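Visitor: mind looking at a prediction? Sequence and model below.
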Amino acid sequence: MKSLFLGTAALALSAGLAMADTVRLGTEGAYPPYNFLNDAGEVDGFERELGDELCKRAGQTCEWVTNDWDSIIPNLTSGNYDAIIAGMSITAERAEVVNFTQGYTQPSPSSYAAMSADVDLKTAVIAAQASTIQSAHVAESGATLVEFPTPDETIAAVKSGEADAVLSDKDFLNPIVAETDLMLIEDIYLGGGIGMAFRKSDSELHAKFDAAIASMKEDGSLNAMLDKWEIEGKF
């Protein structure tokens, strides 16, 4: 809006370039410890700390944008933000639409959690967040899949008896299991690790962040950050 009130074309161009230099990072803000909203309503978590450091190393000014998970890729491709950093597993299907950086985690386990260890996962009703690798796995497993927009709703479904078990990232489930009656009953490995996603047309920006991730791997700071947030998948 400010450019509408500038008195000269040169100032308008300058403002436009400044805006273009700001990289908008899209995240869900509802998937701790990767990303969540703190008491001040700000994006927090492992990916907030990681994203801020990557922006410094890439020489970019960044701002954070939250978006519902089920439309997070469409809103990237339509230009509502410039990158996704949201606990997104690298898969061949998603790579047809976006370009992923190298993973900033190794493939880490997903887990089934239930109120009882006696659940038959082959015939059970399994809750999973929609449009995730976990929901795709359940759909292919022969079990009955019930999908929910948010991860918290999948937990609520198991607690209420609407679902027999939930399948989600183990890093997400660990603190919930520690504080509730849910128990972990089986681990599986899905996807190719977690990475940032970019529009296929943004190859230069993609390369800057890919190089920043590589530099954090080389100097050990990425593993230190994974340790801090108690996330599996170190390098």
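Guide: That came through, no problem. Residues are numbered from 1 along each chain as shown.

Visitor: which strand residues bridge residue 35?
Guide: Counting by DSSP bridges, residue 35 forms beta bridges with residue 31.

Visitor: any weak-confidence spans in this structure?
Guide: Along the chain, the parts satisfying pLDDT under 70 run over 1-20.

Visitor: for it, which segments count as helices?
Guide: With helices called from DSSP state H, the chain shows them at 9-20, 46-58, 72-77, 92-95, 133-141, 151-160, 170-179, 203-219, 221-228.

Visitor: how close does residue 63 sit to residue 98?
Guide: Noted for residue 63: a distance of 20 Å to residue 98, by Cβ to Cβ, to the nearest Å. Bear in mind the C-beta positions are built from the backbone N, C-alpha and C, glycine included.

Visitor: for these two, indicate the residue with more neighbours.
Guide: A side-by-side neighbour count of residue 63 and residue 98, using other Cβ atoms under 10 Å, places residue 98 first with 21 against 12.

Visitor: I figured that one was touching residue 82, is that so?
Guide: No. Look at residue 98 against residue 82 with Cβ atoms under 8 Å: they stay out of range, at 11.5 Å.

Visitor: which residues are in contact with each of the two?
Guide: Here residue 98 and residue 82 have 76, 198, 199 as joint contacts, going by Cβ atoms under 8 Å, 6 or more residues apart in numbering.

Visitor: neighbours of residue 230, how many?
Guide: Neighbour tally, residue 230, other Cβ under 10 Å: 11.

Visitor: and if you look at residue 160?
Guide: Residue 160: 8 neighbours (other Cβ under 10 Å).

Visitor: quick check: buried residues in stretch 228-235?
Guide: 231, 233 (16 or more other Cβ atoms under 10 Å).

Visitor: same deal with stretch 157-168?
Guide: 157, 158, 163, 164, 165, 166, 167, 168.

Visitor: would you check which pair of the residues you listed lies furthest apart?
Guide: 164 and 168 (14.2 Å; Cβ to Cβ).

Visitor: nearest to residue 32, out of the helices of the chain?
Guide: Among the helices of the chain, the nearest to residue 32 by Cβ to Cβ is helix 170-179 (6.9 Å).
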